[in-house]
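> what would the 3D arrangement of this be:
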Amino acid sequence: MGKILVTTDFSGHSRKGIRFAFQYAQQTQSKVVLLHVLNLFDPEIAIDSRTATPQLRWEEALQLKTNQLKKYIHVVFPSGIPKVDYEIVCLKLERSLAATVIHYTKAHAIEMVFCSENGASIYKTLLGSLPEALLHHCPVPLCIVPNRYRTTPIQSLCYLTDMAHIDDEMTQITTLQRRLEARVEVLFFAYELELKARFTQLHETAKSYESDTVRFQYIQLIPQTPFKELLHRLLHPLKPSLVVLFRTPNRSLLSRMLFPSKTSALVLENHLPLLVIPKL
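Alright, predicted model coming up:
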């Protein structure tokens with residue numbers, strides 16, 4: 001049984017990420033680590049003014065937040081907590097919020113991280129956007145859940161690909177598909193000349209992987225049509241439970257249009273969870 005991590009700052013936004021993470025855990029028999037990172041900005045809290053002892057009150061504050069988180073999970077699931085193995089962890093802030101999450105992820109063999117699209121204003125203002133920071137540095141797949149998403153069973157995946165490493169990526173996609181028992185829609189975008197030049201290769205690739213639950217679509221880019229509009233046209237009728245991308249340092253056509261700065265905006269505007277997987 002693998003372990004997944006979901007972050008929370010007690011905001012209403014973070015409830016979406018928790019609910020989606022628990023849904024994923026139910027379908028994959030994963031264990032959930034519910035993580036809150038505590039930052040004591042007030043030096044009077046971090047240092048006992050009577051004894052000048054550093055960090056004397058950290059343990060008290062961490063225990064307080066742990067107790068609050070135990071109660072908060074019941075607020076997130078007012079009808080009852082799903083039957084999922086979970087634990088609650090509260091940590092002191094390290095260099096940054098993202099650095100704290102990443103360090104824990106590496107140290108505890110976390111296989112996937114979940115976070116919500118937006119956090120509370122204090123995190124956004126003082127610590128920066130956690131999803132944006134994790135997009136670039138998270139060592140494991142990162143799932144960002146939009147704040148308007150209503151959690152339902154994960155039944156379909158939409159995988160956006162540049163076809164550069166399709167065999168390696170499809171291995172991971174099919175593994176995820178089996179765990180979730182979901183359908184997969186594979187979308188490749190290219191201009192007309194490339195689609196014509198690669199026609200045989202693309203359709204041979206599709207035949208290698210297509211089945212009753214896996215379908216490939218090759219989409220022609222239209223110069224006069226913004227990519228944002230084209231993507232919305234495709235995602236709206238498909239209504240996938242999860243959109244999947246692979247993060248790559250190479251600036252392919254897809255990555256130039258989507259990643260990293262526009263990926264979240266384009267997909268999350270459709271109110272769909274986004275899973276970003278780092279390429280090996």
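
> could you export stretch 269-280 as CSV, CA atoms only?
Extracted in CSV, the C-alpha atoms of stretch 269-280 (Å, rounded to 0.1, in the frame of the first residue of the first chain):
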residue,chain,number,x,y,z
GLU,A,269,-10.2,27.1,-15.5
ASN,A,270,-12.1,24.0,-16.6
HIS,A,271,-12.4,23.1,-12.8
LEU,A,272,-10.6,19.8,-13.3
PRO,A,273,-7.9,18.3,-11.1
LEU,A,274,-4.4,18.3,-12.7
LEU,A,275,-1.8,15.6,-12.1
VAL,A,276,1.7,16.6,-13.1
ILE,A,277,4.2,13.8,-13.3
PRO,A,278,8.0,14.4,-13.4
LYS,A,279,9.7,12.7,-16.3
LEU,A,280,12.3,10.1,-15.3
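
> what residues does it touch?
20, 135, 138-146, 148-149, 158, 165, 168-169, 172, 228, 231-232, 235-236, 240-249, 259, 263-264, 267-268 (C-beta atoms under 8 Å, 6 or more residues apart in numbering). Glycine gets a C-beta too; all of them are placed from N, C-alpha and C.

> please tell me how far the closest residue to residue 100 other than its chain neighbours sits from residue 37.
Nearest in space to residue 100, with sequence neighbours left out and distances taken as C-beta to C-beta, 6 or more residues apart in numbering, is residue 94 at 4.4 Å. According to C-beta to C-beta, to the nearest Å, residue 94 stands 8 Å off from residue 37.

> is the nearest residue to residue 192 once chain neighbours are set aside in a bridge, and if so with what?
In space, residue 192 comes closest to residue 220 once its chain neighbours are excluded; the distance is 5.5 Å by C-beta to C-beta, 6+ apart. Beta-bridge partners recorded for residue 220 (DSSP bridges): residue 190.

> which ones are touching the residue nearest to residue 189 when sequence neighbours are not counted?
Nearest residue to residue 189, sequence neighbours excluded (C-beta to C-beta, 6+ apart): residue 219, at 4.9 Å. Residues in contact with residue 219 (C-beta under 8 Å, 6+ apart) are 187-190, 230, 234.

> any figure for the gap between residue 219 and residue 233?
From residue 219 to residue 233 the distance is 9 Å (C-beta to C-beta).

> residue 184 now?
Taking C-beta to C-beta, one finds residue 184 at 19 Å from residue 233.

> pick out whichever of these two has more residues nearby.
Higher neighbour count among residue 184 and residue 233: residue 184, with 23 against 12, using other C-beta atoms under 10 Å.

> neighbours of residue 28, how many?
18.

> that older thread, give me the number of residues near the residue nearest to residue 192?
14.

> helix or strand with the lowest mean pLDDT in the chain?
The helix or strand of the chain with the poorest confidence is helix 121-122; it has a mean of 39 (mean pLDDT, DSSP states H and E).

> tell me the helix or strand right after that one.
Following helix 121-122 in sequence order, the next helix or strand is helix 130-137 (DSSP states H and E).

> chain center to that following helix: distance?
On the basis of C-alpha atoms, centre = their mean, to the nearest Å, helix 130-137 sits 10 Å off its chain's mean C-alpha point.

> by contact count, what packs against that helix?
helix 97-107, strand 110-116, strand 142-145, helix 263-268 (3 or more C-beta pairs under 8 Å, 6 or more residues apart in numbering; DSSP states H and E).

> adding distance to residue 179, write those out as a markdown table.
Formatted as a markdown table, those follow (distance: least, C-beta to C-beta, whole Å):
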| stretch | distance to residue 179 |
| --- | --- |
| helix 97-107 | 19 |
| strand 110-116 | 11 |
| strand 142-145 | 14 |
| helix 263-268 | 21 |
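
> columns mean pLDDT and distance to residue 212 on top of those, output as a markdown table?
Shown next, in a markdown table, are the helices and strands packed on helix 130-137 (pLDDT from 0 to 100; distance: least, C-beta to C-beta, whole Å):
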| stretch | mean pLDDT | distance to residue 212 |
| --- | --- | --- |
| helix 97-107 | 93 | 35 |
| strand 110-116 | 94 | 26 |
| strand 142-145 | 92 | 26 |
| helix 263-268 | 59 | 26 |
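
> now render those as JSON lines, adding mean neighbour count and distance to residue 196.
JSON lines is the format used below for the helices and strands packed on helix 130-137 (neighbours: other C-beta atoms under 10 Å; distance: least, C-beta to C-beta, whole Å):
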{"stretch": "helix 97-107", "mean neighbour count": "18", "distance to residue 196": "43"}
{"stretch": "strand 110-116", "mean neighbour count": "25", "distance to residue 196": "38"}
{"stretch": "strand 142-145", "mean neighbour count": "26", "distance to residue 196": "35"}
{"stretch": "helix 263-268", "mean neighbour count": "20", "distance to residue 196": "26"}
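
> all set, thanks.
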